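Chemist: I need the structure of the sequence given here:
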Amino acid sequence: MPEDASAARAAEEESAFSHPPVDPDASAPYGEHPDQVIDFYAPRTEVASAPLVVLLHGGAWRARYDRRHITPFADFLARRGFAVANVEYRRGGPDIPAQSTGGEPSPVPPAGRWPETFDDIAAALDALPELAREALPGADARRTVLTGHSAGGHLALWAAARHVLPAGSPWRTARPAPLRGVVALAPIADLGMAAKLDVCAGAAVQLLGTQDEFAERAPHADPALLLPTGIATTLVQGRADDVVPYAVAESFADAAARAGEVVGVTLLEDVGHFPLIDPAADACAVVTEEITQLAF
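Modeler: Now for the predicted structure:
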(Lines give C-alpha, C1' and ligand atoms only; values in the text may rest on other atoms or scores of the structure.)
Protein backbone atom coordinates (compact mmCIF):
# COMPACT_ATOMS: atom_id res chain seq x y z
CA MET A 1 0.00 0.00 0.00
CA PRO A 2 1.44 3.43 -0.91
CA GLU A 3 2.48 5.50 2.10
CA ASP A 4 -0.07 8.25 1.42
CA ALA A 5 -2.89 5.71 1.03
CA SER A 6 -1.86 4.00 4.25
CA ALA A 7 -1.88 7.33 6.07
CA ALA A 8 -5.33 8.17 4.71
CA ARG A 9 -6.69 4.81 5.82
CA ALA A 10 -5.22 5.27 9.30
CA ALA A 11 -6.73 8.75 9.58
CA GLU A 12 -10.17 7.48 8.52
CA GLU A 13 -10.06 4.66 11.04
CA GLU A 14 -8.87 6.97 13.81
CA SER A 15 -11.71 9.40 13.10
CA ALA A 16 -14.37 6.68 13.04
CA PHE A 17 -13.22 5.24 16.37
CA SER A 18 -12.65 8.62 18.05
CA HIS A 19 -16.29 9.12 19.04
CA PRO A 20 -17.29 8.01 22.54
CA PRO A 21 -19.82 5.17 22.69
CA VAL A 22 -23.43 6.25 23.07
CA ASP A 23 -25.58 4.37 25.57
CA PRO A 24 -28.93 3.09 24.28
CA ASP A 25 -32.33 4.16 25.56
CA ALA A 26 -33.27 0.53 26.18
CA SER A 27 -31.90 -2.98 25.72
CA ALA A 28 -33.58 -6.36 25.45
CA PRO A 29 -32.27 -9.94 25.20
CA TYR A 30 -33.39 -12.22 22.40
CA GLY A 31 -31.70 -15.28 23.90
CA GLU A 32 -29.78 -16.49 26.94
CA HIS A 33 -26.21 -15.85 25.74
CA PRO A 34 -24.73 -12.47 26.84
CA ASP A 35 -24.21 -11.52 23.19
CA GLN A 36 -27.86 -12.15 22.32
CA VAL A 37 -29.03 -8.60 22.96
CA ILE A 38 -30.47 -5.67 21.02
CA ASP A 39 -29.92 -2.03 21.98
CA PHE A 40 -32.62 0.47 21.05
CA TYR A 41 -32.27 4.17 20.26
CA ALA A 42 -35.38 6.33 20.12
CA PRO A 43 -35.56 9.08 17.49
CA ARG A 44 -34.23 12.38 18.81
CA THR A 45 -36.68 14.41 16.74
CA GLU A 46 -40.36 15.07 17.27
CA VAL A 47 -42.10 12.62 14.94
CA ALA A 48 -45.42 10.81 15.22
CA SER A 49 -43.83 7.61 13.98
CA ALA A 50 -40.31 6.85 12.86
CA PRO A 51 -38.88 4.35 10.41
CA LEU A 52 -36.96 1.54 12.07
CA VAL A 53 -33.33 0.96 11.09
CA VAL A 54 -31.95 -2.45 12.10
CA LEU A 55 -28.18 -2.10 12.43
CA LEU A 56 -25.64 -4.95 12.23
CA HIS A 57 -22.07 -4.03 13.12
CA GLY A 58 -18.93 -5.20 11.38
CA GLY A 59 -15.53 -6.30 12.58
CA ALA A 60 -14.85 -9.40 10.47
CA TRP A 61 -17.23 -11.45 12.66
CA ARG A 62 -14.51 -11.40 15.35
CA ALA A 63 -15.16 -10.92 19.07
CA ARG A 64 -12.71 -8.05 19.45
CA TYR A 65 -15.27 -5.82 17.70
CA ASP A 66 -18.68 -5.53 19.33
CA ARG A 67 -21.70 -3.30 18.84
CA ARG A 68 -20.27 -0.48 20.95
CA HIS A 69 -18.07 0.78 18.13
CA ILE A 70 -21.06 1.53 15.94
CA THR A 71 -23.16 3.27 18.58
CA PRO A 72 -22.12 6.79 17.43
CA PHE A 73 -23.58 5.90 14.04
CA ALA A 74 -26.74 4.59 15.71
CA ASP A 75 -27.03 7.91 17.56
CA PHE A 76 -26.38 9.78 14.29
CA LEU A 77 -29.36 8.02 12.73
CA ALA A 78 -31.54 8.63 15.80
CA ARG A 79 -30.77 12.35 15.58
CA ARG A 80 -32.09 12.30 12.04
CA GLY A 81 -35.45 10.91 12.99
CA PHE A 82 -34.93 7.15 12.85
CA ALA A 83 -35.63 4.56 15.51
CA VAL A 84 -32.63 2.24 15.67
CA ALA A 85 -32.15 -1.36 16.77
CA ASN A 86 -28.44 -2.19 17.20
CA VAL A 87 -28.06 -5.98 17.20
CA GLU A 88 -25.30 -7.92 18.94
CA TYR A 89 -24.47 -11.49 17.94
CA ARG A 90 -21.90 -14.16 18.69
CA ARG A 91 -18.57 -13.75 16.96
CA GLY A 92 -15.39 -15.80 16.84
CA GLY A 93 -12.85 -15.23 19.56
CA PRO A 94 -10.14 -16.67 21.76
CA ASP A 95 -12.64 -18.60 23.87
CA ILE A 96 -13.17 -21.14 21.06
CA PRO A 97 -10.46 -23.23 19.40
CA ALA A 98 -8.48 -21.55 16.64
CA GLN A 99 -9.86 -22.62 13.31
CA SER A 100 -7.76 -23.58 10.35
CA THR A 101 -7.47 -22.25 6.85
CA GLY A 102 -6.03 -24.95 4.65
CA GLY A 103 -4.41 -26.76 7.54
CA GLU A 104 -2.50 -23.83 9.02
CA PRO A 105 -3.60 -22.29 12.34
CA SER A 106 -5.22 -18.89 11.97
CA PRO A 107 -2.80 -16.08 12.97
CA VAL A 108 -5.72 -14.04 14.34
CA PRO A 109 -8.82 -14.96 16.35
CA PRO A 110 -11.25 -16.90 14.18
CA ALA A 111 -14.06 -15.10 12.40
CA GLY A 112 -17.57 -16.05 13.38
CA ARG A 113 -19.07 -19.18 14.85
CA TRP A 114 -20.80 -21.81 12.80
CA PRO A 115 -23.72 -22.06 13.17
CA GLU A 116 -24.14 -19.70 16.14
CA THR A 117 -23.52 -16.43 14.28
CA PHE A 118 -26.30 -17.27 11.82
CA ASP A 119 -28.51 -18.65 14.58
CA ASP A 120 -28.26 -15.30 16.33
CA ILE A 121 -29.05 -13.11 13.35
CA ALA A 122 -32.08 -15.25 12.50
CA ALA A 123 -33.29 -15.25 16.12
CA ALA A 124 -32.75 -11.52 16.53
CA LEU A 125 -34.69 -10.64 13.39
CA ASP A 126 -37.50 -13.01 14.36
CA ALA A 127 -37.76 -11.52 17.85
CA LEU A 128 -37.31 -7.92 16.77
CA PRO A 129 -40.92 -6.91 15.93
CA GLU A 130 -42.18 -7.71 19.42
CA LEU A 131 -39.11 -6.31 21.19
CA ALA A 132 -39.25 -3.10 19.16
CA ARG A 133 -42.93 -2.60 19.97
CA GLU A 134 -42.06 -2.64 23.64
CA ALA A 135 -38.83 -0.64 23.52
CA LEU A 136 -39.69 1.82 20.73
CA PRO A 137 -43.44 2.45 20.74
CA GLY A 138 -42.97 5.30 18.24
CA ALA A 139 -41.25 3.10 15.66
CA ASP A 140 -43.07 2.14 12.49
CA ALA A 141 -42.09 -1.46 11.76
CA ARG A 142 -43.80 -1.18 8.37
CA ARG A 143 -40.89 1.05 7.35
CA THR A 144 -38.00 -1.16 8.41
CA VAL A 145 -34.64 -0.85 6.67
CA LEU A 146 -31.90 -3.36 7.39
CA THR A 147 -28.35 -2.04 7.27
CA GLY A 148 -24.94 -3.30 8.23
CA HIS A 149 -21.29 -2.41 7.82
CA SER A 150 -18.59 -4.74 6.47
CA ALA A 151 -19.22 -8.18 8.05
CA GLY A 152 -22.51 -6.73 9.26
CA GLY A 153 -23.31 -5.86 5.67
CA HIS A 154 -22.91 -9.52 4.80
CA LEU A 155 -25.27 -10.45 7.63
CA ALA A 156 -27.83 -7.87 6.50
CA LEU A 157 -27.84 -9.25 2.96
CA TRP A 158 -28.06 -12.79 4.32
CA ALA A 159 -30.93 -11.95 6.67
CA ALA A 160 -32.89 -10.48 3.76
CA ALA A 161 -32.39 -13.69 1.78
CA ARG A 162 -33.61 -16.25 4.30
CA HIS A 163 -36.69 -17.03 2.21
CA VAL A 164 -34.45 -18.26 -0.63
CA LEU A 165 -32.17 -20.41 1.51
CA PRO A 166 -31.93 -24.07 0.45
CA ALA A 167 -34.86 -26.26 1.45
CA GLY A 168 -34.26 -27.76 4.86
CA SER A 169 -32.07 -24.90 6.08
CA PRO A 170 -32.88 -24.20 9.76
CA TRP A 171 -32.90 -20.46 9.01
CA ARG A 172 -35.22 -20.54 6.00
CA THR A 173 -38.44 -18.55 6.25
CA ALA A 174 -41.66 -19.19 4.35
CA ARG A 175 -41.86 -15.65 2.99
CA PRO A 176 -39.65 -12.59 2.54
CA ALA A 177 -38.90 -10.45 5.55
CA PRO A 178 -41.17 -7.38 5.80
CA LEU A 179 -38.48 -4.88 4.85
CA ARG A 180 -38.51 -1.67 2.87
CA GLY A 181 -35.02 -2.67 1.81
CA VAL A 182 -31.39 -3.27 2.65
CA VAL A 183 -28.54 -0.76 2.64
CA ALA A 184 -25.28 -2.70 2.91
CA LEU A 185 -22.18 -0.63 3.69
CA ALA A 186 -18.89 -1.91 2.29
CA PRO A 187 -20.35 -5.39 2.71
CA ILE A 188 -18.52 -8.69 2.51
CA ALA A 189 -21.29 -9.47 0.06
CA ASP A 190 -19.69 -12.30 -1.90
CA LEU A 191 -17.92 -14.81 0.32
CA GLY A 192 -16.29 -16.56 -2.61
CA MET A 193 -14.72 -13.35 -3.88
CA ALA A 194 -13.77 -12.33 -0.34
CA ALA A 195 -12.02 -15.67 0.16
CA LYS A 196 -10.19 -15.25 -3.14
CA LEU A 197 -8.98 -11.79 -2.09
CA ASP A 198 -8.19 -12.93 1.48
CA VAL A 199 -10.36 -10.17 2.91
CA CYS A 200 -9.72 -9.57 6.63
CA ALA A 201 -7.08 -12.27 6.88
CA GLY A 202 -9.18 -15.21 5.75
CA ALA A 203 -12.33 -14.19 7.60
CA ALA A 204 -14.76 -15.44 4.94
CA VAL A 205 -13.37 -18.97 5.10
CA GLN A 206 -13.14 -18.94 8.89
CA LEU A 207 -16.78 -17.83 9.15
CA LEU A 208 -17.85 -21.11 7.58
CA GLY A 209 -15.39 -23.25 9.52
CA THR A 210 -12.51 -24.57 7.43
CA GLN A 211 -11.48 -24.54 3.80
CA ASP A 212 -12.96 -28.00 3.35
CA GLU A 213 -16.30 -26.90 4.81
CA PHE A 214 -16.50 -23.69 2.80
CA ALA A 215 -18.01 -25.18 -0.37
CA GLU A 216 -20.52 -27.24 1.61
CA ARG A 217 -21.75 -24.36 3.74
CA ALA A 218 -21.55 -21.46 1.26
CA PRO A 219 -25.00 -22.15 -0.28
CA HIS A 220 -26.46 -21.55 3.18
CA ALA A 221 -24.39 -18.46 3.99
CA ASP A 222 -23.18 -16.57 0.92
CA PRO A 223 -25.54 -13.75 -0.18
CA ALA A 224 -24.12 -13.93 -3.71
CA LEU A 225 -25.57 -17.45 -3.98
CA LEU A 226 -28.97 -16.40 -2.58
CA LEU A 227 -30.38 -14.35 -5.42
CA PRO A 228 -32.79 -12.93 -6.42
CA THR A 229 -34.43 -11.89 -3.15
CA GLY A 230 -37.07 -9.49 -4.48
CA ILE A 231 -36.08 -7.00 -1.74
CA ALA A 232 -34.78 -3.55 -2.68
CA THR A 233 -31.04 -3.55 -2.07
CA THR A 234 -28.41 -0.84 -2.23
CA LEU A 235 -24.69 -1.21 -1.64
CA VAL A 236 -22.65 1.81 -0.54
CA GLN A 237 -18.96 1.39 -1.19
CA GLY A 238 -15.85 3.55 -1.01
CA ARG A 239 -13.70 3.21 -4.09
CA ALA A 240 -10.57 3.62 -1.95
CA ASP A 241 -11.62 0.85 0.46
CA ASP A 242 -8.73 -1.57 0.88
CA VAL A 243 -10.30 -3.46 3.79
CA VAL A 244 -13.23 -4.79 1.77
CA PRO A 245 -12.32 -3.86 -1.81
CA TYR A 246 -14.90 -2.70 -4.32
CA ALA A 247 -14.39 -5.96 -6.25
CA VAL A 248 -16.45 -7.76 -3.58
CA ALA A 249 -19.47 -5.48 -3.98
CA GLU A 250 -19.06 -5.53 -7.76
CA SER A 251 -19.08 -9.33 -7.78
CA PHE A 252 -22.32 -9.39 -5.77
CA ALA A 253 -23.97 -6.84 -8.06
CA ASP A 254 -22.93 -8.91 -11.09
CA ALA A 255 -24.38 -12.06 -9.51
CA ALA A 256 -27.64 -10.21 -8.87
CA ALA A 257 -27.78 -9.06 -12.49
CA ARG A 258 -27.28 -12.61 -13.71
CA ALA A 259 -30.18 -13.63 -11.45
CA GLY A 260 -32.36 -10.96 -12.99
CA GLU A 261 -32.26 -8.52 -10.10
CA VAL A 262 -31.03 -4.93 -10.08
CA VAL A 263 -28.95 -3.96 -7.07
CA GLY A 264 -28.09 -0.31 -6.58
CA VAL A 265 -24.43 0.53 -6.04
CA THR A 266 -23.43 3.94 -4.70
CA LEU A 267 -19.68 4.26 -5.22
CA LEU A 268 -17.93 7.05 -3.34
CA GLU A 269 -14.67 8.40 -4.72
CA ASP A 270 -11.69 8.86 -2.39
CA VAL A 271 -13.54 7.13 0.45
CA GLY A 272 -12.24 4.13 2.36
CA HIS A 273 -13.85 1.63 4.68
CA PHE A 274 -14.67 3.51 7.86
CA PRO A 275 -16.16 6.87 6.79
CA LEU A 276 -19.44 5.10 6.01
CA ILE A 277 -20.12 4.80 9.77
CA ASP A 278 -18.26 7.92 10.91
CA PRO A 279 -20.64 10.72 11.94
CA ALA A 280 -17.88 13.24 11.21
CA ALA A 281 -17.52 12.12 7.58
CA ASP A 282 -19.49 13.32 4.57
CA ALA A 283 -19.94 9.69 3.52
CA CYS A 284 -22.10 9.09 6.58
CA ALA A 285 -24.61 11.65 5.29
CA VAL A 286 -24.73 9.80 1.96
CA VAL A 287 -25.51 6.57 3.81
CA THR A 288 -28.32 8.28 5.70
CA GLU A 289 -29.81 9.54 2.45
CA GLU A 290 -29.77 6.03 0.98
CA ILE A 291 -31.60 4.74 4.06
CA THR A 292 -34.06 7.62 3.87
CA GLN A 293 -34.90 6.89 0.25
CA LEU A 294 -35.96 3.36 1.18
CA ALA A 295 -37.63 4.20 4.49
CA PHE A 296 -39.83 6.97 3.16
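Chemist: This protein: strands as residue ranges?
Modeler: Residue ranges of the strands in the chain, as given by DSSP state E, are 26-29, 37-41, 50-56, 83-87, 100-101, 104-105, 139-149, 181-185, 233-238, 264-268.
Chemist: per-residue confidence for residue 58?
Modeler: Looking at residue 58, its pLDDT stands at 98.
Chemist: Dihedrals phi and psi, it?
Modeler: Here is the backbone geometry of residue 58 (degrees, to the nearest 10): phi -100, psi -160.
Chemist: Around it, how many other residues sit close by?
Modeler: 28 (other CB atoms under 10 Å). C-beta: built from backbone N, CA, C; applies to glycine.
Chemist: Could you double-check that it lies in contact with residue 156?
Modeler: No. Here residue 58 lies out of contact with residue 156, judged by CB atoms under 8 Å, at a distance of 10.2 Å.
Chemist: Identify the contacts common to the two.
Modeler: Common contact partners of residue 58 and residue 156 (CB atoms under 8 Å, 6 or more residues apart in numbering): residue 148.
Chemist: would JSON lines of the strands of the chain with mean neighbour count and distance to residue 293 be doable?
Modeler: Formatted as JSON lines, those follow (neighbours: other CB atoms under 10 Å; distance: least, CB to CB, whole Å):
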{"stretch": "strand 26-29", "mean neighbour count": "15", "distance to residue 293": "28"}
{"stretch": "strand 37-41", "mean neighbour count": "23", "distance to residue 293": "21"}
{"stretch": "strand 50-56", "mean neighbour count": "26", "distance to residue 293": "11"}
{"stretch": "strand 83-87", "mean neighbour count": "27", "distance to residue 293": "17"}
{"stretch": "strand 100-101", "mean neighbour count": "19", "distance to residue 293": "39"}
{"stretch": "strand 104-105", "mean neighbour count": "10", "distance to residue 293": "45"}
{"stretch": "strand 139-149", "mean neighbour count": "23", "distance to residue 293": "9"}
{"stretch": "strand 181-185", "mean neighbour count": "28", "distance to residue 293": "9"}
{"stretch": "strand 233-238", "mean neighbour count": "26", "distance to residue 293": "8"}
{"stretch": "strand 264-268", "mean neighbour count": "17", "distance to residue 293": "9"}
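Chemist: Mean pLDDT lowest where, among these?
Modeler: Here the lowest mean pLDDT among the strands of the chain goes to strand 100-101, at a mean of 38.
Chemist: Endpoints of stretch 12-32, how far apart?
Modeler: Stretch 12-32 stretches 36 Å from its first residue to its last (CA to CA, to the nearest Å).
Chemist: List of residues touching that stretch?
Modeler: Contacts for stretch 12-32 (CB under 8 Å, 6+ apart): 36-42, 68-69, 71-72, 74-75, 86, 120, 123-124, 127-128, 131, 134-136, 272-275, 277-281.
Chemist: Which per-residue confidence value corresponds to residue 276?
Modeler: Reading off the model, residue 276 has pLDDT 98.
Chemist: circling back: turn the strands of the chain into CSV, columns for distance to residue 258.
Modeler: Listed next are the strands of the chain as CSV, based on distance: least, CB to CB, whole Å:
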stretch, distance to residue 258
strand 26-29, 40
strand 37-41, 35
strand 50-56, 26
strand 83-87, 30
strand 100-101, 28
strand 104-105, 34
strand 139-149, 23
strand 181-185, 18
strand 233-238, 15
strand 264-268, 15
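Chemist: and of the ones you listed, who's closest to residue 202?
Modeler: strand 100-101 (4.6 Å; CB to CB).
Chemist: For residue 164, give its distance to residue 249.
Modeler: Remark: distance between residue 164 and residue 249 (CB to CB, to the nearest Å) = 20 Å.
Chemist: the more surrounded of those two?
Modeler: Neighbours per residue (other CB under 10 Å) separate residue 164 from residue 249, with residue 249 holding more: 28 against 18.
Chemist: Which residues are in contact with the more buried one?
Modeler: Contacts of residue 249 by CB under 8 Å, 6+ apart are 186, 187, 189, 190, 235, 237, 265.
Chemist: how close does it sit to residue 235?
Modeler: Distance from residue 249 to residue 235, by CB to CB: 5 Å.
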